[in-house]
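Asks: A predicted structure for the sequence below; I have some questions about it.
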Amino acid sequence: MCRICWVLVFALGTVSAGLAWKFVLQGEVAEGSDGRTSILLEPAERDLVLAEMRTFLESVQQVADGVARKDMEQVVKAARRSGISAQGAVPGPLIGKLPLGFKKLGFDTHSKFDQLALDAESMEDPDMALSQLATLMQNCVSCHAAFRFDTAPGAP
């Protein structure tokens, strides 16, 4: 009886490790024609991710404008718009399709927006905000250099 239990434990552990590899680490990916990792999504999932990226870009523009005009209230508001709270609407199945490297960059970018908002609010230093924005944008450049989005085979 104990031997059967150990076989089941091993089998379940192997299946769990495989699922963790696929849905936590690897995601739904393929090698892109341009050398980047192609993340394969359904059209609605792709639209959701691209909309979030456009929100990042809008926040970057509004932070830069706020810094240029020394309007730290605008900087705070724009940065908060793309903070951690913005990622609450991402469905679980979509998260499973994203590779770990993409998830790490995304989470770090949201965190950097939150830190920018906190520091802009407490220190009111436009130069610091601009420096933080430049650092944050390194995530954007890294992500766009490493990843692209394509429609999953067989998707409408």
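Replies: Alright, I've got the coordinates. Residues are numbered from 1 along each chain as shown.

Asks: please make it C-alpha for all contacts and neighbour counts, starting now.
Replies: Fine.

Asks: next up, the contacts around the nearest residue to residue 31 once chain neighbours are set aside.
Replies: Closest residue to residue 31 apart from its sequence neighbours, by CA to CA, 6 or more residues apart in numbering: residue 37 at 5.1 Å. Residue 37 makes contacts with 29, 30, 31, 146, 147, 148, as judged by CA atoms under 8 Å, 6 or more residues apart in numbering.

Asks: which element is the residue nearest to the first one when sequence neighbours are not counted on?
Replies: Yep, that's residue 29 we're talking about. Leaving out its chain neighbours, the residue that sits closest to residue 29 by CA to CA, 6+ apart is residue 39, at 4.5 Å. Taking DSSP states H and E as the criterion, residue 39 maps to strand 37-41.

Asks: quick check: mean pLDDT of that strand?
Replies: The average pLDDT within strand 37-41 is 97.

Asks: tally up the residues packed near residue 143, please.
Replies: Residues within reach of residue 143, counting by other CA atoms under 10 Å, total 17.

Asks: my read is that it contacts residue 102, right?
Replies: Yes. The criterion here is CA atoms under 8 Å, and residue 143 meets it with residue 102 at 6.9 Å.

Asks: and the residue nearest to residue 29, what does it touch?
Replies: 27, 28, 29, 30, 97, 98, 99, 147, 148, 149, 150 are the contacts of residue 39 under CA under 8 Å, 6+ apart.

Asks: again with residue 82
Replies: Contacts of residue 82 by CA under 8 Å, 6+ apart are 55, 56, 59, 110, 113, 114.

Asks: can you put those residues in JSON lines and add distance to residue 132, pLDDT and neighbour count?
Replies: Below are these laid out as JSON lines (distance: CA to CA, whole Å; pLDDT from 0 to 100; neighbours: other CA atoms under 10 Å):
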{"residue": "55", "distance to residue 132": "18", "pLDDT": "96", "neighbour count": "16"}
{"residue": "56", "distance to residue 132": "14", "pLDDT": "97", "neighbour count": "23"}
{"residue": "59", "distance to residue 132": "13", "pLDDT": "98", "neighbour count": "23"}
{"residue": "110", "distance to residue 132": "13", "pLDDT": "97", "neighbour count": "22"}
{"residue": "113", "distance to residue 132": "9", "pLDDT": "98", "neighbour count": "26"}
{"residue": "114", "distance to residue 132": "11", "pLDDT": "98", "neighbour count": "21"}
